[in-house]
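Chemist: attaching a predicted model along with its sequence, questions to come.
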Amino acid sequence: MLGTFTYCNPTKLYFGEGAVKHLSDELPKYGKNVVLVYGGGSIKKNGIYDTVVRILKENGKTVVEIAGVMPNPTLEKLYEGIGIARKAHAELILAVGGGSVCDYAKALSVSVCCEEDPWEKYYVRFEEPTCKIVPVGCVLTMAGTGSEMNAGAVITNHAAKRKIGHVFESETVMPRFSVLDPAYTLTLPRYQMIAGIYDIFNHICEQYFSGEDDNTSDYLSEGLMRSLLHGSRIAAKDTQDMEARSNIMWTATWALNTLVACGKSTDWMVHMLGQAVGAYTDATHGMTLAAVSLPYYRHILPYGLKKFVRFAENVWNVDPAGKTDEEIANAGLDAMKRWMKELGLAMNITELGATPDMIEGIADATLVMDGGYKVLTREEIVKILRESL
Ligand code: NZQ
Ligand code: ZN
């Protein structure tokens, strides 16, 4: 393990069925004014809204709502929320929903007291907050992003055709607490469940496919991937299997709470490509990743051959006997492709609404990272995107 790093994750987690009751342990720590943030209404249908509001009232909170946070939350919605949270003198932002709602709450938390334009400051100049940060708590209803225990906040600016994630450096942006009740994920539509599963898997890949040193993070990653494959196969057959859904939820958190990034340079190019596709199509995040993954990994395989061989053997149980390293590595990706198809993931960007005339624009919107096995040129990005059509 050759990298140097600082590790700090202050998010307190309450995990398991009925964990929402622990809101009463947390709420007394914050002021009276709570801004409750949620999405398009799933929490009203499944009863989570009623439970949370009852607990807020029992704790004597004054609640102002920001409803209708959409998947892939937009800059316009952020501006709207800033106005509401300022007027409410927000002392706690409580996010109840999936990654979009949690991300939105974090973006809001660093914007409420910010005097500059948050898009320019956080998503163009990638600066850190210099203002007071309103604390955030989460009640998670969808497993996937890891937003419940990290400092990431992805915002889509449709006017600029950009979908940009800022992973804030300061742990003060991470949620103070998160409630993770796997039973809350059971009402998730199957499409969202499998998109979340692939998002989790790819978060691990993004960190795993970097570096060549012998690193504990990679062994942890392999364990998380194996657990996820196991749970995903059970959940794909029976979406109501609580043990599988529990393991998937817990794996999602550890896949992206900075632990398995320790000592790694990390890649993140699948996410950069996927987010650029998202900026043009507004497609579901996990599906955009699935649709570009195989062309990308086949492309970088020669540059990271040793790790792809290890991935094939340790994650996909590929038998190396009688095979060259290239054959082992490709057999690993073949096994991954079979699993993706078995789940029913999007296997190309055409089915997500992308068209050939968008490719140049999507390439322009793709940020190039330098932590993986190959720093992509624009020509390579265009080639990968064309192969993803
Ligand atoms: O809006 P509602 O009505 O709540 O419906 C949502 C939404 O339509 C629904 N849903 C969530 N929980 C449900 C449910 N429906 C029924 N029952 C439930 N229990 O699912 C749909 C998708 O929700 P969303 O929050 O958009 O999904 P996800 O958790 O995948 O979040 C996606 C966003 O997170 C960002 C993505 O880019 C995207 O904007 N990401 C955030 C990251 C981070 N903070 O580190 C990293 C990720 O890579 C990702 O980029
Ligand atoms: Zn993701």
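Modeler: Great, that's in hand. Numbers count the residues shown, from 1 in each chain. Ligands and ions are numbered 1, 2, ... in the order given.
Chemist: now stretch 151-164: average pLDDT?
Modeler: Stretch 151-164 carries an average pLDDT of 97.
Chemist: what is the end-to-end distance of that stretch?
Modeler: Criterion Cα to Cα, to the nearest Å; first-to-last residue distance in stretch 151-164 is 14 Å.
Chemist: same thing with stretch 7-24?
Modeler: Chord length of stretch 7-24, first to last residue, is 29 Å (Cα to Cα).
Chemist: dihedrals phi and psi, residue 179?
Modeler: The phi and psi values for residue 179, taken as degrees, to the nearest 10, are phi -100, psi 120.
Chemist: tell me, how many neighbours does it end up with?
Modeler: The number of residues packed near residue 179 is 28, by other Cβ atoms under 10 Å. From N, CA and C alone the C-beta is placed, and that goes for glycine too.
Chemist: with adjacent residues omitted, what lies nearest to the residue positioned nearest the centre of the chain?
Modeler: The residue lying closest to the centre of the chain (Cα atoms, centre = their mean) is residue 145, at 2.4 Å. Spatially, and ignoring its direct neighbours in sequence, residue 145 is nearest to residue 99 (3.0 Å; Cβ to Cβ, 6 or more residues apart in numbering).
Chemist: ok, that neighbour - contacts?
Modeler: 142, 144-147, 154, 199, 285 (Cβ atoms under 8 Å, 6 or more residues apart in numbering).
Chemist: if we can go back for a sec, how far away is the residue nearest to the centre of the chain from residue 56?
Modeler: 24 Å (Cβ to Cβ, to the nearest Å).
Chemist: again with residue 94
Modeler: In terms of Cβ to Cβ, residue 94 sits 8 Å off from residue 56.
Chemist: name the residues contacting each of the two.
Modeler: 34, 36.
Chemist: compare neighbour counts for the two and give me the winner.
Modeler: residue 94 (29 against 19).
Chemist: can you spell out which residues form a bridge with the more buried one?
Modeler: For residue 94, the beta-bridge partners are residue 36, residue 137 (DSSP bridges).
Chemist: list the contacts of it.
Modeler: Applying Cβ under 8 Å, 6+ apart, the residues contacting residue 94 are 34-37, 52, 56, 105, 136-139.
Chemist: mind listing what's buried along stretch 304-314?
Modeler: For stretch 304-314, burial by neighbour count (16 or more other Cβ atoms under 10 Å) applies to 304, 307-314.
Chemist: distance from the chain centre to it, please.
Modeler: With Cα atoms, centre = their mean, to the nearest Å as the basis, stretch 304-314 stands 24 Å off its chain's centre.
Chemist: for residue 74, list the residues it contacts.
Modeler: 155-158.
Chemist: let me know the closest of the residues you listed to ligand 1.
Modeler: Nearest to ligand 1 among those: residue 156, at 6.9 Å, using Cβ to the nearest ligand atom.
Chemist: among the contacts of residue 94, who's most crowded?
Modeler: residue 105 (32 neighbours).
Chemist: quick check: residues of this structure near ligand 1?
Modeler: For the chain, the contact set with ligand 1 under Cβ under 6 Å from any ligand atom comprises 39-43, 46, 71-72, 97-101, 103, 141-142, 144-147, 150, 152, 154, 165, 184-185, 187-188, 192, 196, 199, 256, 271, 285-286.
Chemist: picking that back up, save the buried residues of stretch 304-314 as TSV, and put in secondary structure and pLDDT too.
Modeler: Compiled in TSV, the buried residues of stretch 304-314 are given as follows (DSSP: H, G, I helix; E, B strand; the rest coil; pLDDT from 0 to 100):
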residue	secondary structure	pLDDT
304	helix	98
307	helix	98
308	helix	98
309	helix	98
310	helix	98
311	helix	98
312	helix	98
313	helix	98
314	helix	98
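Chemist: closest to residue 242 out of these?
Modeler: Distance ranking of the buried residues of stretch 304-314 against residue 242, using Cβ to Cβ, places residue 314 first at 28.0 Å.
Chemist: quick check: which element contains the closest residue to that closest one other than its chain neighbours?
Modeler: Of all residues not flanking residue 314 in the chain, residue 222 sits nearest, at 4.8 Å (Cβ to Cβ, 6+ apart). Assessed by DSSP states H and E, residue 222 sits inside helix 216-237.
Chemist: gap between that helix and the chain center?
Modeler: Using Cα atoms, centre = their mean, the offset of helix 216-237 from its chain centre is 16 Å.
Chemist: so who does residue 20 touch?
Modeler: 14, 48, 51-52, 55, 139, 179, 181.
Chemist: which among those gets closest to ligand 1?
Modeler: Distances from ligand 1 to these, taken by Cβ to the nearest ligand atom, are shortest for residue 48, at 7.3 Å.
Chemist: surely the closest one meets residue 139?
Modeler: Yes. The criterion here is Cβ atoms under 8 Å, and residue 48 meets it with residue 139 at 7.0 Å.
Chemist: okay, and the common contacts of those two?
Modeler: Contacts common to residue 48 and residue 139, judged by Cβ under 8 Å, 6+ apart, are 20, 96, 184.
Chemist: measure the first one to residue 331 for me?
Modeler: Yep, that's residue 20 we're talking about. Applying Cβ to Cβ to residue 20 and residue 331 gives a distance of 44 Å.
Chemist: repeat for residue 82
Modeler: In terms of Cβ to Cβ, residue 82 sits 51 Å off from residue 331.
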